[in-house]
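J.: just the structure for this:
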Amino acid sequence: MSISLGQPCDEGLVLSKEATAPCRESLARWILLATILGSSMAFIDGTVVNVTLAKLQANLDATVLQVQWVMEAYSLLLAGFLLLGGSLGDRYGRRRLFLLGVAVFALASLWCGLAPNIAQLIAARALQGLGGALLVPGSLAIIGASFSEKSRGRAIGTWSAFTAITTAIGPVVGGWLIEQVSWRAVFFINLPLALIVVIISFFHVPESRDETERQKLDWAGAMLTVIGLGLLTYGLIESSRSGFASFTVIGTLAGGAVVLLLLVAFEARVSNPMIPAALFRSRNFSGANLLTFLLYGALGGALFFFPLNLIQVQGYSATAAGAALVPFTLILFFLSRWGGGLAERLGARTTLVMGPMIAAAGFVLFTFPSVGGNYWQTFCPAVVVLGLGMATSVAPLTATVMNAVTENRVGIASGINNAISRGAALLAIAAFGIVMLHVFNHSLDQHLSTLELSPTVRRSLGAQRVRLAGATLPDEVAPPMRVVIRQAINDSFVEGFRYVMFIGAGLAMASAISSFLLIDGKRDSPK
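T.: Residues are numbered from 1 along each chain as shown. Purely as a prediction, here's the structure:
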């Protein structure tokens, strides 16, 4: 028995015992298909855009600072409104908010694909982040409301597995589209996916809401989060160009810090805070989130520059660059369950010390390759070791977060941890960009000081520094000298890349230390 589009099962039955077995089975498949496809759009766009950065930097004549904002605008709105998105679904209907998120994401994707300049692309990416903040928590909320407690774990496991697969395939497909069509096609592909999700959801996904939810939504908390993180991010990125002595940089960094302090004070006083301060009284919860901030900051900040290295310096195609991290995702997919079992045998603290330490070794391995060489001998070992470290960490980290709170607060605890991981990557990309530009400029100065270049060429190269390895050389430079200058630019980028990876390793080690000091590996007795 199957469900035709015009004759869905009774939505009131959801997946309850009153529904017939064939109806339950068919409805479950439709719900999982809709939520997997919907959330995959957001997850894929969080990774595949990295592969497009080199191409859009060239096509839209963008600096590396503007390219950073293509990623940051998305992460900022996603991190800031992620928790509120879940609350909105509970109150106004989970399917309704999920579909709204899909629609906003699709329209923003269309805008991204049509963007005539980098400023509009950044604005469209921000709108994408807002759509993602509605559809990502909405997808899990629909699963939680539609499946019984007995079958919910398996449903979430299926959702996690397939979203991991699509996230791995996404950059490869995106790279192929960039080469064969255009970087704009990476965004246009979301449109048919969104249409499929809307049709399936309209006919086959039951509506649900929390009928007891009457508390005031924490809009102010969400806005303070976005403003505070936005000011800090802007200040860090702008400091790469203007320096920390700039009044604008000082003002925005100070303003961001003040706003985030106001957020902490505000959340402690409201009756229904977006981020309940009481949760952080648990050492395990605080330790797990500190680990998340450090480890995912290292991951997001360091890997932002990886595709740029592969495409602009190593000469990889966009497809090959997209495939470079597939081993990482596959290791996460196949070994995360093993990581959870390891934590059961050794304890959460031991595992959450081991995992980040292995990840730190992976970051260090990224510092060995120079320019050239075979992927399997240069970057693949680093990707594999980093994947092993994350696979050892992810499941125990999630379990520690969940076990540190009472059952009725598992959802908000998971949401906070997710938002912290995205906020960490947001700030890390901006901070790592400062290091990359500083080291790149210093190294390039040393290389160029040995070359006999005209003042005109030097001025032109000076103006191109903010493009890093995407810098274009003046037409008047002779071919032999072009090779020398390009090699200097590539070597300078690699030097900056090594510093970034060393910082990533340091943050990973710091997360291991935080686990050792704060996490006891035992279940808390939450208040």
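J.: so which bits of the lowest-mean-pLDDT helix or strand in the chain are buried?
T.: Ranked by mean pLDDT, DSSP states H and E, the weakest helix or strand in the chain is helix 149-180, scoring a mean of 76. Across helix 149-180, burial judged by 16 or more other Cβ atoms under 10 Å covers 155-156, 158-160, 162-164, 166-178. C-beta here means a position set from N, CA and C on the backbone, and glycine is covered the same way.
J.: I'd like to know which elements it is packed against.
T.: helix 21-59, helix 118-146, helix 185-188, helix 318-323, helix 326-346 (3 or more Cβ pairs under 8 Å, 6 or more residues apart in numbering; DSSP states H and E).
J.: so which of those gets nearest Leu224?
T.: Closest to Leu224 of the helices and strands packed on helix 149-180, according to Cβ to Cβ: helix 118-146, at 15.3 Å.
J.: which strands and helices sit next to that closest one?
T.: Using 3+ Cβ pairs under 8 Å, 6+ apart, helix 118-146 sits against helix 21-59, helix 64-92, helix 94-114, helix 149-180, helix 410-448.
J.: buried ones in that helix?
T.: Using 16+ other Cβ under 10 Å as the test for burial, helix 118-146 gives 118, 121-146.
J.: what's the answer for stretch 357-373, then?
T.: For stretch 357-373, a neighbour-count test (16+ other Cβ under 10 Å) marks Met357, Ile358, Ala359, Ala360, Ala361, Gly362, Phe363, Val364, Leu365, Phe366, Thr367, Pro369 as buried.
J.: what's the answer for stretch 56-73, then?
T.: Buried, per 16+ other Cβ under 10 Å, within stretch 56-73: 56-57, 60, 62-73.
J.: hang on, the earlier thing: among the buried residues of stretch 357-373, which are located in helices?
T.: Within these, residues falling in helices by DSSP state H are Met357, Ile358, Ala359, Ala360, Ala361, Gly362, Phe363, Val364, Leu365.
J.: how about Val104: what's its closest non-neighbour residue?
T.: Gly131 (3.4 Å; Cβ to Cβ, 6 or more residues apart in numbering).
J.: residues in contact with the nearest residue to Ile331 once chain neighbours are set aside?
T.: Distance criterion Cβ to Cβ, 6+ apart; nearest residue to Ile331, sequence neighbours excluded, is Gly387 at 3.4 Å. Going by Cβ atoms under 8 Å, 6 or more residues apart in numbering, Gly387 touches Pro327, Phe328, Thr329, Leu330, Ile331, Leu332, Leu335, Gly362.
J.: my read: the third one touches Thr167, true?
T.: Yes: in this structure Thr329 lies within contact range of Thr167 using Cβ atoms under 8 Å: 6.1 Å.
J.: just checking, Asp45 touches Ala194?
T.: No: here Asp45 does not reach Ala194: they are 11.7 Å apart, not a contact under Cβ under 8 Å.
J.: need the residues touching each of these two.
T.: By Cβ under 8 Å, 6+ apart, the residues touching both Asp45 and Ala194 are Ser109.
J.: and which of the ones in helices among the buried residues of stretch 357-373 is nearest to Arg241?
T.: Closest approach to Arg241 among these (Cβ to Cβ): Phe363, at 26.5 Å.
J.: and Gln57, how far from Asn50?
T.: The gap separating Gln57 from Asn50 is 12 Å, by Cβ to Cβ, to the nearest Å.
J.: just Ile165 next, same as before
T.: Remark: distance between Ile165 and Asn50 (Cβ to Cβ) = 18 Å.
J.: could you do Thr167 as well?
T.: The gap separating Thr167 from Asn50 is 12 Å, by Cβ to Cβ.
J.: now do Phe440
T.: Phe440 is 19 Å from Asn50, by Cβ to Cβ.
J.: swap in Val258?
T.: 32 Å.
J.: more crowded one of these two?
T.: Legend: neighbour count by other Cβ atoms under 10 Å for Val258 and Asn50, higher for Asn50 (24 against 12).
J.: show me what contacts the closest residue to the more buried one other than its chain neighbours?
T.: With Cβ to Cβ, 6+ apart as the criterion, Asn50 has its nearest non-adjacent residue at 4.6 Å, and that residue is Pro307. Each residue near Pro307 by Cβ under 8 Å, 6+ apart is listed here: Asn50, Val51, Leu53, Ala54, Ala321, Gly322, Ala324.
J.: how about low-confidence regions in this structure?
T.: The model of the chain has pLDDT under 70 over residues 1-25, 149-150, 152-153, 156-157, 160, 210-215, 407-411, 521-527.
J.: domain ranges for it?
T.: What automatic domain parsing lists as the domains of the chain is 14-207, 218-271, 280-527.
J.: next secondary structure after the helix or strand hosting Leu236?
T.: Taking DSSP states H and E as the definition, Leu236 sits inside helix 219-242. Next along the chain after helix 219-242, taking DSSP H and E as the criterion, comes helix 247-269.
J.: distance between that next one and the chain's centre?
T.: Relative to the centre of its chain, helix 247-269 is centred 23 Å away, using Cα atoms, centre = their mean, to the nearest Å.
J.: also stretch 307-322?
T.: Using Cα atoms, centre = their mean, the offset of stretch 307-322 from its chain centre is 20 Å.
J.: give me the buried positions along it.
T.: 307-314, 316, 318-322.
J.: so who does the nearest residue to Val439 once chain neighbours are set aside touch?
T.: Excluding the flanking residues, the one nearest Val439 by Cβ to Cβ, 6+ apart is Gly496, at 4.0 Å. Counting by Cβ under 8 Å, 6+ apart, Gly496 touches Phe305, Val435, Met436, Leu437, His438, Val439, Phe440, Ser443, Leu468.
J.: if I look at Leu453, how far off is Ala469?
T.: To Ala469, Leu453 is 19 Å away according to Cβ to Cβ.
J.: ok, these two, which is more surrounded?
T.: For Leu453 versus Ala469, neighbours defined as other Cβ under 10 Å are more numerous around Ala469 (23 against 17).
J.: was I right to think that one contacts Gln314?
T.: No: between Ala469 and Gln314 there is no contact, the gap being 9.8 Å when judged by Cβ under 8 Å.
J.: still on that earlier bit, closest one of the buried residues of stretch 307-322 to Val401?
T.: For those, with Val401 as the reference and Cβ to Cβ as the criterion, the closest is Pro307, at 29.7 Å.
J.: gap between the closest one and Pro381?
T.: Pro307 is 18 Å from Pro381, by Cβ to Cβ.
J.: same question for Ala298.
T.: Counting by Cβ to Cβ, the gap from Ala298 to Pro381 is 18 Å.
J.: neighbour-wise, which of the two wins?
T.: Legend: neighbour count by other Cβ under 10 Å for Ala298 and Pro381, higher for Ala298 (30 against 16).
J.: helix or strand for that one, which one?
T.: Using DSSP H and E, Ala298 falls in helix 283-303.
J.: list the buried residues in that helix.
T.: Those would be 284-303, for helix 283-303 by 16+ other Cβ under 10 Å.
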